[in-house]
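Student: predicted model and sequence follow; I will ask about them next.
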Amino acid sequence: MKIAAAAYPLDFLAEFAAYAAKVTAWVEEAVAQGAELLVFPEYGAMELASLGGAAVAADLERALHEVASHRAEVDRLHLDLTARHGVHILGASGPVFPAAGARPVNRATLYGPGGIVGHQDKQIMTRFEREIWFVEPGEGLPVFDTPLGKIGVLICYDSEFPLLARKMVEAGAEVLLVPSCTDSLAGFTRVRVGAMARALENQCVTVQAPTVGMAEWCPAVDENVGRGAIYGPPDRGFPPTGILAETGLNEAGWAVAEVELAAIHEVRRAGGVLNHLHWGEQADRIARA
């Protein structure tokens, strides 16, 4: 299959139709390159805050509620696109209020040609999310069994915690999607290193899709640094750098790469190293230390 990772800029939009036209154009561009699994970034949905006007977009709390209010429209748009093109799309994550009076979670939804496959809520919140924005962690680490393979999602900071990824891999995950939103080169590098490390230790493919560029009108996502990329283990059947494809730093567009699940299974069986197989030896070594 071909996987596409978006390096996605945030725009101030006058109406939902402008958002729909933008997302549609991005999807059509990736589909034209043969992509079957498209990954949009963490907090890419925050551009919907602009639909409430400049004052709403500039207010941290009101922006959350404005974005969440468009959830049903966003679902319909993505379901139409997946059905029309026969692809799977991890939509840009954004705030969802799970109950009246509750604080929001940061949710990414996986859409398929037959409907919503499921969603993943961010598990471990950054300091900004927990101390200033009061976005709460969600529950559950599902693995989505799709015709393209078994897919897990690690939202941004979650990729820096190996046991989250390992839980998904032990449940069968072959591809881990890492939508991200970082406001500095250091932050982007942390997520990049995390995504590459998860590919190495689990001998799987990881897909990082970041926000890029400036969005001064929304202080929650005003600066965005990153590059879209698809990583694998630097071992048999994969590039020696572990990088299958990447965009330029802060360059909007798609990173597209062909991924064979057979290559993942083969490197786990007969790679130069067998990190996936040998994971359990760590506990024995620690117990003897």
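Tutor: Yes, it's here.
Student: in stretch 133-143, what's buried?
Tutor: 133, 135-136, 138, 141-143 (16 or more other CB atoms under 10 Å). Backbone N, C-alpha and C define where each C-beta goes, glycine included.
Student: can I get that stretch in CSV? Just the C-alpha atoms.
Tutor: Output of stretch 133-143 as CSV, limited to C-alpha atoms (Å, rounded to 0.1, in the frame of the first residue of the first chain):
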residue,chain,number,x,y,z
TRP,A,133,-5.4,24.4,28.2
PHE,A,134,-6.8,21.7,30.5
VAL,A,135,-7.3,19.1,27.8
GLU,A,136,-7.7,15.7,29.4
PRO,A,137,-6.3,12.3,28.5
GLY,A,138,-8.6,9.8,27.0
GLU,A,139,-8.9,6.0,27.6
GLY,A,140,-7.9,3.0,25.5
LEU,A,141,-5.3,1.9,23.1
PRO,A,142,-7.2,0.3,20.2
VAL,A,143,-5.6,-1.4,17.2
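Student: now residue 22: how far from residue 16?
Tutor: 11 Å (CB to CB, to the nearest Å).
Student: nearest residue to the most centrally placed residue in the chain in space, please, no chain neighbours.
Tutor: Nearest to the mean C-alpha position of the chain, by CA atoms, centre = their mean, lies residue 179 at 2.0 Å. Leaving out its chain neighbours, the residue that sits closest to residue 179 by CB to CB, 6 or more residues apart in numbering is residue 42, at 4.2 Å.
Student: now do the same for the one you found: its pLDDT.
Tutor: On the pLDDT scale, residue 42 is placed at 99.
Student: got phi/psi on it?
Tutor: phi -60, psi 140 (degrees, to the nearest 10).
Student: hang on, the earlier thing: residue contacts, the residue nearest to the centre of the chain?
Tutor: Contact analysis of residue 179 by CB atoms under 8 Å, 6 or more residues apart in numbering lists 39-42, 44, 90, 92-93, 108, 153, 155-156, 208-210.
Student: please report how far residue 248 lies from residue 133.
Tutor: Residue 248 sits 30 Å away from residue 133, going by CB to CB.
Student: in strands, which of the contacts of residue 179 fall?
Tutor: Applying DSSP state E to those, the entries found in strands are 39, 90, 108, 153, 208-210.
Student: between all of those residues, which two are separated the most?
Tutor: Using CB to CB, the pair of these lying farthest apart is 153 and 210, separated by 14.6 Å.
Student: so between those two, which is more surrounded?
Tutor: When residue 153 and residue 210 are compared for neighbours, residue 210 comes out ahead with 32 against 29, by other CB atoms under 10 Å.
Student: ok, for the more buried one, nearest residue in space, not its chain neighbours?
Tutor: Nearest residue to residue 210 in three dimensions, chain neighbours excluded: residue 226, at 2.7 Å (CB to CB, 6+ apart).
Student: on the three-state scheme, the one you found is what?
Tutor: Classification of residue 226 using DSSP: H, G, I helix; E, B strand; the rest coil returns coil.
Student: likewise residue 22?
Tutor: Once three-state DSSP is applied, residue 22 turns out helix.
Student: might you report the residue contacts of it?
Tutor: Shown in contact with residue 22 (CB under 8 Å, 6+ apart): 11, 13.
Student: please apply the same query to residue 224.
Tutor: Contacts for residue 224 (CB under 8 Å, 6+ apart) come out as 9-10, 181-183, 210-215, 250.
Student: if any of those are buried, put those into a ChimeraX selection.
Tutor: In ChimeraX, a selection of the buried entries from the contacts of residue 224 looks like this (16+ other CB under 10 Å):
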select :9,10,181,182,183,210,211,212,213,215,250
